[in-house]
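> Have a look; sequence and predicted model below, questions after that.
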Amino acid sequence: MSTIDLTPLYRTMVGFDRMAAMIDNASRLDGAQGYPPYNIERVADDAFAIEIAVAGFGEDDLEIETKDGLLTIAGRKEPVGDNDEREFLHRGIAERGFLRRFQLADHVIVVGADLRNGLLRIDLLRELPEAKKPRKIEIGAPVKSKPKLIKGEKSAA
């Protein structure tokens with residue numbers, strides 16, 4: 001049984017270790033751990049990409065969905081029957097269906113997907129709301145207004 005070591009992600013992604021842990025856990029829960037193989041790439045500070053090797057699958061065979069922070073990629077291929085006109089001497093390209101799930105961290109959204117040369121690339125972006133973004137606080141800045149008292153309250157001073 002193979003496992004994926006995400007330790008390098010933990011070292012380089014401050015604040016994203018929860019995302020990496022969720023991806024690691026989700027990959028362990030999938031029944032087919034090794035199929036299809038995938039890469040997770042850090043493109044920029046707040047941008048990531050997941051690449052999945054989907055040789056033999058076309059756009060119509062793949063389905064990508066996000067719901068409640070869970071990214072699900074499913075591949076469904078029509079089974080090749082015995083009536084197929086092709087005669088295989090060796091059949092090594094796996095065309096079986098698959099289901100891959102990735103738990104996305106808070107504020108991470110899917111911004112696009114592209115299928116090229118047998119690789120499905122899913123682009124992710126971390127968009128922090130304005131209230132959650134860091135802001136600089138000046139030291140010694142004058143207070144612009146004093147808090148107002150509600151009728152009936154006494155000042156604590």
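Nice, I can see it.

> can you pull out the helices in this structure?
Assigned by DSSP state H, the helices in the chain fall at 7-12, 17-29.

> how about the strands of this protein, start to end?
With strands called from DSSP state E, the chain shows them at 38-44, 47-53, 62-67, 70-75, 98-103, 108-116, 119-126.

> Let me have those strands in CSV, extended by mean pLDDT, distance to residue 85 and mean neighbour count.
Placement of C-beta: from N, CA and C, glycine included. Formatted as CSV, these follow (pLDDT from 0 to 100; distance: least, CB to CB, whole Å; neighbours: other CB atoms under 10 Å):
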stretch, mean pLDDT, distance to residue 85, mean neighbour count
strand 38-44, 93, 33, 13
strand 47-53, 94, 27, 18
strand 62-67, 95, 25, 13
strand 70-75, 94, 24, 17
strand 98-103, 92, 26, 18
strand 108-116, 94, 26, 14
strand 119-126, 95, 28, 18
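
> Which among those is found nearest to residue 137?
Closest of those to residue 137 is strand 119-126, at 23.2 Å (criterion: CB to CB).

> Look up the residues forming beta bridges with the closest residue in space to residue 42 that isn't next to it in sequence.
Distance criterion CB to CB, 6 or more residues apart in numbering; nearest residue to residue 42, sequence neighbours excluded, is residue 48 at 5.8 Å. On the basis of DSSP bridges, residue 48 is bridged to residue 42, residue 124.
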